[in-house]
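Trainee: pasting the structure only:
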């Protein structure tokens, strides 16, 4: 019963996204701004905003702040955003200098919030960028002694709990290109890995080997899963088919490998490991081979995530009692410390990440724009939440 | 014995690989037989192309480590006695899975009990304090439990009777955020498994 209800909710949510999507994306002139950046060192682009109601303005500001813009009334804005909300949202974006319209549209369907995100996406598209306004995140929600997996819109709206295992359920990882997740659940006592089709509610085991089955990461083509298993008596990195076959062991150490992630071309699996008493990030060919160290300049890196454009690896660095979200070129180098937090996950735009931040005894989700280091708390989600994964 | 069966399958799989690939230079001990499809009935149980229901796929990677118990792979299928070894919980240093020499008496007690009861199972649960990232702690907790498992196997306890699971930082015994609490939380617990 509950599953059916969730399914219909999900269909409704999908229908809304479809309705909100702009009918046309044809622009006579696409301004292609430079998409490469220096992490943490870019200046946000100033915008002015007027005419919207509170809800729409807040949504536009949230979406664009975490994509490299800042809102100003004093400084000279580069673009002017204006509009109105009267049932439907009307949104206009103008270049301040020549006053040409980059966007001038009326939006219908969905909610004011979703119309605002569609407008923000149109503005970004006019600048030659792909927005994140209709993307989703998954995360772990603490329920007391246990936890469940939830999904939500990127801003934390429309939260739906997709497991009801009354057990510890952790480490959600989206299956790229599908409405589905892999995660670890202790529902049968031991930590086992499942794949979960969110449109049908169907769950099938990926790895239920003796010992612990942890940290699934689904390959970019959605067919393979990198994971940490202890079936052979040591804690090692494995890769296998998402339906459970073709298991291959990729590391063979007495140390504790953790947190695999994939390169966007599916060739490499990056993970955290230890060799000769030294912790670092490593990458290993997905078909097997000798792991290669990825230099970060950080003594205790973990939880890597490879950007969809292939250029960056974002990860957690531990220092003393705290944690920082850091980023390093995918080939290795000196990491840039971005913000206090942990477990970052890239959005499809290769610049925004969602991460967890400790506050008191719990963790909350936040968003970070890597080039500008601007952050926003995902305040729509209440309670203790962590282990975010951004759908790609 | 399951281990013997796996070894046999491994040998068969290896032989098939050699036949199939015409003895190309392959790393010793690594059997890569992917892209080979075997239909059920022809070579049941061999190959990675299919899997019988409930069967563990055969792969050529079981060297390095002592495979986990298959008898006790699902600890919740058994009665779990947490009392017998309640006083024998082993504690670890920060960010370490090294079993300290001061823990030998605890291991000796567990080892003696297990060797005297060859039909019971032992579940080892690895735990961490909260000063690591979650994913990292999940792996570290498992590394702690497998380190204890290795120590007990070295002391003569049957590997087939020991299963491990990690609880990462999810089940602290002390909720405090200070070293004395963290110290209690970095631990391996022993649970006796008996048939229900």
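Mentor: Sure, I can see it. Everything numeric here is computed off the predicted structure, so don't read it as measured data.
Trainee: domains in chain B, as residue ranges please.
Mentor: Segmentation of chain B into domains, based on automatic domain parsing, reads B:1-64, B:75-195.
Trainee: compare those domains and say which comes out lowest on pLDDT.
Mentor: Among these, domain B:1-64 carries the lowest mean pLDDT, a mean of 38.
Trainee: could you pull out the strands for chain B?
Mentor: Ranges of strands in chain B, per DSSP state E, are B:78-81, B:90-91, B:121-126, B:162-166, B:187-195.
Trainee: residue A:237 and residue A:90, how far apart?
Mentor: For residue A:237, the distance to residue A:90 equals 52 Å [C-beta to C-beta, to the nearest Å]. Every residue, glycine included, has its C-beta placed from N, CA and C.
Trainee: tell me which of those two has more neighbours.
Mentor: For residue A:237 versus residue A:90, the count of surrounding residues by other C-beta atoms under 10 Å in any protein chain shown is larger for residue A:237: 27 against 18.
Trainee: which is the next helix or strand following the helix or strand harbouring residue A:314?
Mentor: For residue A:314, the host element (DSSP states H and E) is strand A:312-319. Heading C-terminal from strand A:312-319, the first helix or strand you meet, by DSSP H and E, is strand A:322-329.
Trainee: report the angle between that following strand and strand A:312-319.
Mentor: 150 degrees (axes from the mean of the first three to the mean of the last three C-alpha atoms, to 10 degrees).
Trainee: can you tell me the closest non-neighbouring residue to the residue in chain B that chain A sits nearest to?
Mentor: Residue of chain B nearest chain A, by C-beta to the nearest C-beta: residue B:76 (2.9 Å). Closest residue to residue B:76 apart from its sequence neighbours, by C-beta to C-beta, 6 or more residues apart in numbering or on different chains: residue A:189 at 2.9 Å.
Trainee: that neighbour: neighbour count?
Mentor: Neighbours of residue A:189 under the rule other C-beta under 10 Å: 16.
Trainee: against residue A:346, how distant is it?
Mentor: For residue A:189, the distance to residue A:346 - C-beta to C-beta - is 33 Å.
Trainee: in the stretch 151-300 of chain A, what residue is nearest chain B?
Mentor: The minimum distance from the stretch 151-300 of chain A to chain B, using C-beta to the nearest C-beta, falls at residue A:189 (2.9 Å).
Trainee: ok, that residue touching residue B:74?
Mentor: Yes - applying C-beta atoms under 8 Å as the test, residue A:189 and residue B:74 come out as touching, 5.7 Å apart.
Trainee: what about the helices in chain B?
Mentor: B:2-21, B:104-115, B:134-154, B:179-185 (DSSP state H).
Trainee: can you give the domain ranges for chain A?
Mentor: Chain A breaks down into these domains under automatic domain parsing: A:2-23+A:39-126, A:137-390.
Trainee: deepest in the core, which of these is it.
Mentor: domain A:137-390 (a mean of 21; mean count of other C-beta atoms under 10 Å in any protein chain shown).
Trainee: for it, how far is the first residue from the last?
Mentor: From its first residue to its last, domain A:137-390 covers 4 Å (C-alpha to C-alpha, to the nearest Å).
Trainee: can you give me the buried ones in stretch B:179-189?
Mentor: Neighbour-count burial for stretch B:179-189 flags B:182, B:184, B:185, B:186, B:187, B:188, B:189 (criterion: 16 or more other C-beta atoms under 10 Å in any protein chain shown).
Trainee: how far away is the residue nearest to the second one when sequence neighbours are not counted from residue B:180?
Mentor: Translated: residue B:184. Counting by C-beta to C-beta, 6+ apart, the nearest residue to residue B:184 once its immediate chain neighbours are dropped is residue B:174, at 4.7 Å. For residue B:174, the distance to residue B:180 (C-beta to C-beta) stands at 8 Å.
Trainee: contact residues of the stretch 251-392 of chain A facing chain B?
Mentor: A:252, A:254-259, A:272, A:288, A:300, A:302-303, A:316, A:318, A:321, A:323, A:342-343, A:361, A:386-387 (C-beta under 8 Å from any C-beta of the partner chain).
Trainee: next step: the residues you listed restricted to strands.
Mentor: The strands, defined by DSSP E, take in A:258, A:259, A:272, A:302, A:303, A:316, A:318, A:323, A:342, A:343, A:386, A:387 from those.
Trainee: in the sheet, who's paired with the closest residue to the third one other than its chain neighbours?
Mentor: Put plainly, it is residue A:272. Distances taken as C-beta to C-beta, 6+ apart put residue A:302 closest to residue A:272, at 4.2 Å, once the chain neighbours are dropped. Counting by DSSP bridges, residue A:302 forms beta bridges with residue A:316.
Trainee: tabulate the domains of chain A (JSON lines), appending mean pLDDT.
Mentor: As requested, the domains of chain A are arranged in JSON lines below (pLDDT from 0 to 100):
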{"stretch": "domain A:2-23+A:39-126", "mean pLDDT": "84"}
{"stretch": "domain A:137-390", "mean pLDDT": "95"}
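Trainee: make a markdown table out of those domains and add distance to residue B:128.
Mentor: Output for the domains of chain A, formatted as a markdown table (distance: least, C-beta to C-beta, whole Å):
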| stretch | distance to residue B:128 |
| --- | --- |
| domain A:2-23+A:39-126 | 30 |
| domain A:137-390 | 10 |
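Trainee: so residue A:103 sits against residue A:91, correct?
Mentor: Yes - taking contacts as C-beta under 8 Å, residue A:103 lies within contact range of residue A:91: 6.1 Å.
Trainee: shared neighbours, those two?
Mentor: A:119, A:122, A:123 (C-beta atoms under 8 Å, 6 or more residues apart in numbering or on different chains).
Trainee: relative to residue B:148, how far out is residue B:189?
Mentor: Residue B:189 is 10 Å from residue B:148, by C-beta to C-beta.
Trainee: do the same with residue A:151
Mentor: Counting by C-beta to C-beta - residue A:151 and residue B:148 are separated by 37 Å.
Trainee: and residue A:118, what element?
Mentor: Using DSSP H and E, residue A:118 falls in helix A:112-126.
Trainee: distance between that helix and the chain's centre?
Mentor: Taking C-alpha atoms, centre = their mean, to the nearest Å, the mean C-alpha location of helix A:112-126 is offset from the chain mean by 19 Å.
Trainee: by contact count, what packs against it?
Mentor: With contacts defined as 3 or more C-beta pairs under 8 Å, 6 or more residues apart in numbering or on different chains; DSSP states H and E, helix A:112-126 has these neighbours: helix A:2-20, helix A:54-65, strand A:79-86, strand A:88-95, strand A:101-107.
Trainee: and the fourth one, which strands flank it?
Mentor: Okay, so that is strand A:88-95. strand A:79-86 (antiparallel), strand A:101-107 (antiparallel).
Trainee: between helix A:112-126 and that strand, find me the angle.
Mentor: Using the same axes, to 10 degrees, strand A:88-95 lies at 30 degrees relative to helix A:112-126.
Trainee: what's strand A:88-95 in contact with?
Mentor: The contact list for strand A:88-95 (C-beta under 8 Å, 6+ apart) reads A:52, A:56, A:78-84, A:100-108, A:112, A:115-116, A:119, A:122-123, A:126.
Trainee: next, the closest residue to residue A:211 other than its chain neighbours: phi, psi?
Mentor: Spatial nearest neighbour of residue A:211, chain neighbours left out: residue A:230 (3.6 Å); criterion: C-beta to C-beta, 6+ apart. Backbone torsions of residue A:230, given as degrees, to the nearest 10, read phi -120, psi 20.
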